[in-house]
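Enquirer: Fold the following and give me the result.
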Amino acid sequence: MMEKLILLTSVVGLTAAAAGVTQQHQVRTTTIGGQIHFFFEPNVRHMVAATDSKCYIVTLTYDEADHVHTSGGLEDLELRMMREWMGTLNETSVYHSDPHLPELVSRWCAHKDIMYLQRPDTAATTVGSPFG
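Expert: The predicted model follows:
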């Protein structure tokens, strides 16, 4: 009988210790996260992905700009931007003082680094500004 009591006490003690370790681990765990907001500027066909510190801008083709307005079109282009354009295309830094920077883009990207993603099928025509 005494052996069973010792075994039961040991099991209860180990279970309590394991629960304490789990609770301590949960207290120390922190969540790290970020957000990306997407915007579409229809006048100049710019798609903007804004993070906490950067804005990525890409000019859409006319077909893509039309697709934005379809059911699921914006989401399609958001995914394409993240998968195929960001981190893949050449990036050009854009200054906030650029006179060709569209007003909406300037507001969305205030206090952030602006990177223009250069697509070969939507090349800019003006030297000095990617916004043409």
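Enquirer: Tell me who's in contact with the spatially most central residue of the chain.
Expert: Geometric centre of the chain, nearest residue: residue 36, 3.3 Å, by CA atoms, centre = their mean. Shown in contact with residue 36 (CB atoms under 8 Å, 6 or more residues apart in numbering): 49, 50, 51, 82. Where C-beta positions appear, they are placed from N, C-alpha and C, glycine not excepted.
Enquirer: Report the helix or strand with the lowest average pLDDT across the chain.
Expert: Lowest by mean pLDDT, DSSP states H and E among the helices and strands of the chain is helix 2-28, with a mean of 55.
Enquirer: Following that one in sequence, what is the next regular element?
Expert: For helix 2-28, the following helix or strand on the C-terminal side (DSSP states H and E) is strand 37-41.
Enquirer: Can you give the contact residues for that next one?
Expert: Strand 37-41 is contacted by residues 46-50, 60, 65, 68, 74, 77-78, 81, 102, 104-105, 108 when judged by CB under 8 Å, 6+ apart.
Enquirer: Kindly recompute the last result at 10 Å.
Expert: Residues outside strand 37-41 that contact it (CB atoms under 10 Å, 6 or more residues apart in numbering): 46-52, 55-57, 59-60, 64-65, 68-69, 73-75, 77-78, 81-82, 102-105, 107-109.
Enquirer: Now that residue 114 has come up, it's in contact with residue 102, right?
Expert: No. Using CB atoms under 10 Å, residue 114 is not in contact with residue 102; the gap is 11.2 Å.
Enquirer: if I look at the two, which residues touch both of them?
Expert: Common contacts of residue 114 and residue 102 (CB under 10 Å, 6+ apart): 48, 57, 108.
Enquirer: quick one: which of the residues you listed is nearest to residue 119?
Expert: residue 57 (10.8 Å; CB to CB).
Enquirer: Tell me which helix or strand the closest one sits in.
Expert: Residue 57 is located in strand 54-59, with elements delineated by DSSP H and E.
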